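Asks: Here is a sequence together with a model predicted from it:
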2 protein chains.
Amino acid sequence: MSTTRRKYARRLPPEQRREQLLDAALSLIPAGFDTVTMESVAKQAQVTKPVLYDLFANRSELISALLEREAGRATEQVIAALPTDFATRSPDDAFADAVRVFVNAVVEAPDRWRLVLLPPEGTPREFRAQVELVRVGILAQIEDLAALGLKELGGLDDLDSGLLGHAMLALAEMSGRLVLTDPDKFTPDRLVAFVARIAHGLS
Amino acid sequence: MSTTRRKYARRLPPEQRREQLLDAALSLIPAGFDTVTMESVAKQAQVTKPVLYDLFANRSELISALLEREAGRATEQVIAALPTDFATRSPDDAFADAVRVFVNAVVEAPDRWRLVLLPPEGTPREFRAQVELVRVGILAQIEDLAALGLKELGGLDDLDSGLLGHAMLALAEMSGRLVLTDPDKFTPDRLVAFVARIAHGLS
DNA sequence: CGCAATTACTACGCCCGCGTAGCTTTGTGA
DNA sequence: TCACAAAGCTACGCGGGCGTAGTAATTGCG
């Protein structure tokens, strides 16, 4: 019973192998994080475990590296969405625009954003912490912007500025989720129009 | 080396044992769902595995029973929060009141609601599905109410009624999350005042 | 063309959670 | 009081994911 030897996988330099392994892992996530085992990733990448262990010390490191990569890319997209000026537009238009850019980012990289907005089963604590961290950063920026906007508009002293940022973020996230779960019904345009209407109602 | 025999646990009728085991499981959840193993639950309840297996066929059934119990209790609380009439109050007041009742429910059973609003690591697909189902039901009710409210107020044709319900739910959930994570800063009163202000702004 | 470095593979051992077979204690009612 | 049903317990086998020690194929460079 000569155990048939497996065909050698194509040799790859570590850099490339690393990316390929992360891609393999990413592709498994939709089925739930628990299915992202060292075994399954190796299999998915058509490679054996020791190869995986050459590049990532253990499961934790693999997951961590994967999430770092994706979170980084996601963050960049959000940063791009945040308005920085009120010179040209009124604050509520600025908010609507930010939501527009954000929703478009979601539409363009749905898999990535599903990870953030609708995390699958078994999402590691670590990742949620990372997302939360980014969220807090974003929130701070939104709050600054909101404060600026309020000052510019004036006379909205009855609006709780400490909650406004949270609400804006909540609405943006709601929009992102809706466009992910039901893109036909909830188009970017429709969502943006709605949040614009809400923002407008406030002033 | 006579293996010292463990002291017999107090004998309990199945009904009672069942509840106790579910309580034990519930108490483990904050540390993440993965830590809710048959072993850990048995240990927590000061009982051995076969006892557990007498009452729950397998891990899946245990978790399922636990979630069913908690989801049921949570649902009752929400149903109670929903307004049913507009006779006495204006629609935006009705919404604010609903949020008030809801936030109070969260404050009164934080562990339960943390499970729903801030699910811990390893939350089973099954539970998320269950929550989602309830959510959809609630959403439908909210949408009905919102439609009714809009009709009553009249002249708000520019407001996207298909999104209003989602937004209301999103704000309510945001409120629940905030009161869970930072109860000192975000008191029920403050949260309610804020959503009331938003609702008011719309009309 | 052959050899050394690099990359990949085989084959284990370990641990831990699941689930079960079969025995032991408790405590109630006849 | 004691028998026997109900409730618990011990002790194991299985499977699967983790991580590693040692070996084999590939490939590029002289």
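Replies: Noted; the coordinates are in hand.
Asks: The closest residue to A:A9 other than its chain neighbours: neighbouring residues, count only.
Replies: Nearest residue to A:A9, sequence neighbours excluded (Cβ to Cβ, 6 or more residues apart in numbering or on different chains): A:V47, at 5.0 Å. Quick note: C-beta positions are derived from backbone N, CA and C, even for glycine. A:V47 has 21 neighbouring residues, counting by other Cβ atoms under 10 Å in any protein chain shown.
Asks: Which residues are in contact with A:V47?
Replies: A:A9, A:R17, A:L21 (Cβ atoms under 8 Å, 6 or more residues apart in numbering or on different chains).
Asks: Also near DNA strand C: which of those, exactly?
Replies: Among these, the residues that sit close to DNA strand C (Cβ under 7 Å from any atom of the strand) are A:A9, A:R17.
Asks: ranking the contacts of A:V47 by neighbours, who comes first?
Replies: A:L21 (24 neighbours).
Asks: Name the residues of stretch A:139-158 that are buried.
Replies: If you call a residue buried by 16 or more other Cβ atoms under 10 Å in any protein chain shown, then stretch A:139-158 has these buried ones: A:Q141, A:I142, A:E143, A:L145, A:A146, A:G149, A:L150, A:L156.
Asks: Around chain B, which positions in chain A sit nearby?
Replies: A:32, A:34, A:121-125, A:128, A:158-160, A:162-163, A:166-167, A:170-171, A:173-174, A:178, A:185-186, A:190-191, A:193-194, A:197-198, A:201-203 (Cβ under 8 Å from any Cβ of the partner chain).
Asks: how far is the worst-scoring helix or strand of chain A on mean pLDDT from where the chain is centred?
Replies: Ranked by mean pLDDT, DSSP states H and E, the helix or strand of chain A with the weakest confidence is helix A:125-153, at a mean of 83. In terms of Cα atoms, centre = their mean, to the nearest Å, the centre of helix A:125-153 is found 14 Å from the chain centre.
Asks: ditto for stretch A:108-116
Replies: So, by Cα atoms, centre = their mean, the centroid of stretch A:108-116 is 6 Å from its chain's centroid.
Asks: And for stretch A:30-47?
Replies: For stretch A:30-47, the distance to the chain centre is 21 Å (Cα atoms, centre = their mean).
Asks: do stretch A:65-73 as well
Replies: 9 Å.
Asks: And DNA strand D, is that stretch touching that?
Replies: No - Stretch A:65-73 stays clear of DNA strand D (Cβ under 7 Å from any atom of the strand), getting no nearer than 13.0 Å.
Asks: hmm, who's touching that stretch?
Replies: A:18, A:22, A:25-26, A:56, A:109, A:112, A:115-116, A:124, A:126-127, A:130-131, A:134.
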